[in-house]
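Trainee: Next input, structure requested:
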Amino acid sequence: AAGVWTHLSFQSERSPLPVTGGLPDGVLRDDPLPPHPWTPFRPGSAAFLATLARLPAVRRPWLREIYDRVADRPYDRPF
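Mentor: Next up, the predicted model:
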């Protein structure tokens, strides 16, 4: 299916396999690289608390401490 689509779309011989390595000399990218995040990923506090609340293990003291800390101060680091 990929070969038929490639032939109909581009009308030339192209490989349906992903290309590895860098671009050849003289070829410029036509799309910019994605921006890098400024900070590490942090889940939203509401989603984090809702997920923890569904776990039976949230009754354990160490996990309950994390839950309470995030509930009291949702913008602090949980760990």
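
Trainee: ok, Ser45 - contacts?
Mentor: Applying CB atoms under 8 Å, 6 or more residues apart in numbering to Ser45 gives the contacts Val70, Pro74, Tyr75. The way it works is simple: take the backbone N, C-alpha and C, and place the C-beta from them, glycine included.

Trainee: Of those residues, which is the nearest to Ala53?
Mentor: Nearest to Ala53 out of the contacts of Ser45 is Val70 (CB to CB; 10.9 Å).

Trainee: isn't that closest one right up against Leu49?
Mentor: Yes. Contact criterion CB atoms under 8 Å: Val70 and Leu49 qualify, at 5.9 Å.

Trainee: Name the single longest helix found in this structure.
Mentor: Counting by DSSP state H, the longest helix found in the chain is helix 61-72.

Trainee: What residues sit buried inside it?
Mentor: Ile66, Tyr67, Val70 (16 or more other CB atoms under 10 Å).
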